[in-house]
Structure formats: structure tokens, C-alpha cells
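Peer 1: just need the structure, nothing else, for what follows:
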Amino acid sequence: MKNAHLRQDALVIGLVALAHGVSHFFHLILAALFPWLKPAFGLSYAQLGLLMTVFFVVSGIGQALSGFLVDRVGARRVLFAGLALFALAALTLAAAGNYFSLLCGSMIAGLGNAVFHPCDYTILNQRVSKARLAHAFSVHGVSGSLGWAAAPVFLGGVAALSSWRGALLAAAVLPLAVLLLLFLNRAALRPDPPAHKAALAAEGGSFAFLRLPAVWMCFGFFFLSTFAMGGIQSVSAPSLVALYGMSLASALTAYTAHMLASAGGMLLGGFLAAKSDNHDRLIGVAFALAALMALLLAAAVVPGWMAVVIMGVIGLASGVAGPSRDLLIRAAAPPHATGRVFGVVYSGLDTGLAVGPLLFGALMDANHPAWVFICIGLFQALAILTAVGVGGISRSRAPAPQRA
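Peer 2: Numbers count the residues shown, from 1 in each chain. Predicted coordinates:
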């Protein structure tokens with residue numbers, strides 16, 4: 001029986017992680033093809049950036065709303081719809097004849113992306129044993145990083161061999177293949193019955209969770225932490241070049257070290273989170289280390305090769321916090337509101353990724369590369385306060401231990 005539960009958990013974790021990897025792959029479906037789209041349509045960098053902004057704005061709004069749909073009709077159906085929308089988006093983009101068509105494709109992709117976090121976390125919470133949830137969340141996070149890493153290689157490689165339209169047609173096959181695999185294993189992803197109206201009424205109604213301070217603290221945590229991540233993703237390489245006089249290739253190596261270390265940190269974080277109930281404290285230690293390392297980079301007092309190592313340490317510390325972060329959100333969610341809570345909370349991720357690069361781009365335009373890392377450290381430090389606040393609320397709601 002124990003082996004049967006292990007196999008069932010592994011199947012669910014693998015299927016959900018695969019779908020999550022597709023989601024992150026589609027985050028970059030346009031950005032990876034910018035070198036081809038820019039001359040093909042005669043676009044400016046501002047117009048290319050707007051395509052990404054549209055994606056994340058639609059995804060952020062849709063993510064908050066899709067959580068309600070997940071709790072009403074079940075995560076499996078909504079997840080299938082998200083994968084189908086990705087395929088439709090890729091086909092729309094492949095057939096695009098003008099900028100408006102690209103915008104439409106970006107909107108469809110954003111709408112498809114909106115469903116994944118509410119669906120993924122609802123399925124994992126419902127179908128994976130509690131003892132393995134921390135590991136499930138760590139694998140889920142790693143799969144997202146792998147999706148980000150695979151997109152430029154796959155799309156750029158196919159575009160170089162054929163064309164950007166060929167790359168998008170090839171990309172459309174990916175969500176369809178995963179959709180088929182999930183459909184064939186749909187029994188493993190079966191949803192729990194939707195909450196009865198009486199149960200929702202007892203909790204204060206479908207929108208009662210919005211009155212919980214912990215939910216908005218979790219939203220704040222995602223906004224602040226991904227705001228910092230937006231700086232690392234968008235301008236960390238040119239900032240390192242300006243601060244340390246290193247080559248662009250070395251700076252990109254530092255960014256790669258950050259991403260790889262982040263994936264490794266998520267795996268390590270799963271083991272640490274499984275052995276701890278104080279998830280906010282683990283997050284606090286990890287983010288404090290990351291913030292201090294960011295400030296050290298800003299000071300430019302270490303040699304260039306050390307900057308590569310420090311970027312890796314920031315990634316490792318941020319990754320370690322990932323599984324604890326998701327368990328903290330789970331603890332803050334009412335019993336019948338998992339999809340809604342994760343939907344609202346994770347919309348903070350899209351908001352941070354959409355807004356963060358604007359600030360960091362302005363800092364670079366003003367020739368303040370040191371302030372890029374100062375702000376990264378500052379926002380990571382502020383994120384600690386929200387995590388500690390959520391942890392304190394969760395502990396105050398926990399039942400007092402029984403005395404013998």
C-alpha cells in the first residue's frame with residue numbers, strides 16, 4: 001500500500017510539474033523570438049516590450065479570477081483549457097501578419113498562463129500525501145525553471161534552422177502533447193467535489209478569504225520577491241558589466257549560475273521544508289542571505305569572478321525559500337478556497353514581473369547600476385516582513401497543544 005501511494009504521488013507530481021514547465025516555456029515564447037520578430041515587423045523595443053506587458057497583465061488579472069473557476073468546476077478541466085489556449089496562442093502567433101495579431105496571440109497566451117498556479121496547487125494539495133507536499137512544491141518550482149531554460153534554446157534553435165513561424169508551429173505541439181498525456185492519466189488528477197453552498201456560507205461566502213490579512217501578506221510577498229526577480233532577469237547582466245568591468249559573456253554566466261543555483265535551491269528547500277513547521281523563519285534566513293549578497297554586489301568590493309559566485313548564492317537562497325513559501329500559502333488558505341487563494345496570491349507574481357523591469361530599466365537608463373542591486377536587496381528584505389507576518393498569523397490560529 002505504501003508503494004502504491006508513493007507511485008500515485010510521483011505520477012501526480014510529475015504530471016503537474018510537466019504542465020508547469022510548459023507554462024514557463026510560454027512565458028518566453030515571444031521574448032525568445034524578438035531577434036526575428038523585430039525586423040520581420042519593423043518593431044521598436046518598446047513595441048516588443050508591450051507584447052510582454054500584455055501577456056503578464058492578462059495573466060495577472062486572469063490568475064486572480066481563474067481561482068474561483070477552479071474551486072467551482074475543478075482544477076483538471078481548467079488545466080486542460082489552459083494547455084489548449086497555449087496551443088491556440090502559438091498557432092495565432094505563427095500566422096500573425098501584423099502587430100495587432102501579435103498582441104492578440106500574446107493575450108491568448110496570457111489567458112492560458114493564468115490558470116496554471118491555481119490549478120497546479122489545487123491538484124497537488126488534493127492528490128499528494130501531506131508528507132510529500134514540500135517535495136511536490138520543490139519539483140514544481142524546478143520544472144518552471146527548466147521551462148524558462150528550454151524556451152530560448154528550443155525556439156531560437158528551430159528559428160535558426162527554419163523560421164520564426166516554424167518555431168511557433170513547433171511550440172504549438174508541446175502543450176498539445178502534454179494535454180494528451182494528462183488526458184490519458186486524467187484519473188490521477190481527479191478533483192475533489194466542489195464545496196457545498198452550505199460549507200461556503202459557513203466560511204462567510206466565496207469572497208470571505210479576501211478579508212484575511214494573511215492572503216494579502218502572501219500577495220505582498222510575491223509582489224516584492226518577484227519585483228526583485230524582475231531586476232535580476234532584466235538588467236543584472238548589464239549592471240554587472242558596468243560595476244565590475246567584466247565581459248557580457250561573463251555577466252551572462254553569472255545569470256546562468258543564478259538560475260541553476262535557484263533550481264538546486266528549490267530541491268534542497270523541499271527537504272528543509274519537510275522537516276520544519278516554521279516556514280516563515282526558513283524564508284527569512286534565506287532571503288536575508290540573498291539581500292546581503294545583493295548589497296555586497298552593489299558595493300563592488302569583490303573581484304569579478306566572485307560576482308559570479310555571489311549571483312549563484314542569491315539564486316540558491318531564493319530557491320531554498322520556494323517550497324516553504326508555497327506551504328505558507330497553503331496554511332493561510334481556508335479549506336474550500338485553495339484555488340481562489342493561490343490565484344489571488346500568484347497574481348502578485350505577474351504584477352511584480354510586469355512592473356519591476358520598469359524601475360530597474362529606469363535605473364540603468366540613469367546610469368545607476370549599483371542601485372539595481374541595492375533595490376533588489378531592499379525588496380527581498382521587505383519580503384521577509386510579509387513572510388514573518390503570515391507565519392505569525394498561522395501560528396496564532398493553530399490549536400494549542402493538549403496538556404497531559
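Peer 1: for this structure, give me the ranges with low pLDDT.
Peer 2: Filtered on pLDDT under 70, the chain yields the residue ranges 1-2, 194-209, 335-337, 394-404.
Peer 1: how is it divided into domains?
Peer 2: Following automatic domain parsing, the chain resolves into domains at 2-188, 208-393.
Peer 1: turn the ones you listed into JSON lines, including mean neighbour count.
Peer 2: C-beta here means a position set from N, CA and C on the backbone, and glycine is covered the same way. As requested, those are exported to JSON lines (neighbours: other CB atoms under 10 Å):
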{"stretch": "domain 2-188", "mean neighbour count": "20"}
{"stretch": "domain 208-393", "mean neighbour count": "21"}
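Peer 1: show me what the host helix or strand of residue 272 is packed up against.
Peer 2: Assigning secondary structure by DSSP states H and E places residue 272 in helix 248-274. With contacts defined as 3 or more CB pairs under 8 Å, 6 or more residues apart in numbering; DSSP states H and E, the packing partners of helix 248-274 are helix 133-161, helix 213-244, helix 279-299, helix 304-332.
Peer 1: okay if I get those helices as CSV plus distance to residue 264?
Peer 2: CSV is the format used below for the helices and strands packed on helix 248-274 (distance: least, CB to CB, whole Å):
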stretch, distance to residue 264
helix 133-161, 8
helix 213-244, 16
helix 279-299, 13
helix 304-332, 6
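Peer 1: the ones you listed: which one's closest to residue 340?
Peer 2: helix 213-244 (9.0 Å; CB to CB).
Peer 1: and the closest one, what does it pack against?
Peer 2: Here helix 213-244 touches helix 248-274, helix 279-299, helix 304-332, helix 338-365, helix 369-397, going by 3+ CB pairs under 8 Å, 6+ apart.
Peer 1: got the angle between the first one and helix 213-244?
Peer 2: In this case it means helix 248-274. Relative orientation of helix 248-274 versus helix 213-244 (axes from the mean of the first three to the mean of the last three CA atoms, to 10 degrees): 150 degrees.
Peer 1: swap in the last one?
Peer 2: Between helix 369-397 and helix 213-244, the angle formed by their directions is 160 degrees, by the same axes, to 10 degrees.
Peer 1: name the helices or strands packed onto helix 369-397?
Peer 2: Applying 3+ CB pairs under 8 Å, 6+ apart, we find helix 369-397 packed against helix 213-244, helix 279-299, helix 304-332, helix 338-365.
Peer 1: again, but for the fourth one
Peer 2: Under the contact criterion of 3+ CB pairs under 8 Å, 6+ apart, helix 338-365 touches helix 45-73, helix 116-127, helix 213-244, helix 304-332, helix 369-397.
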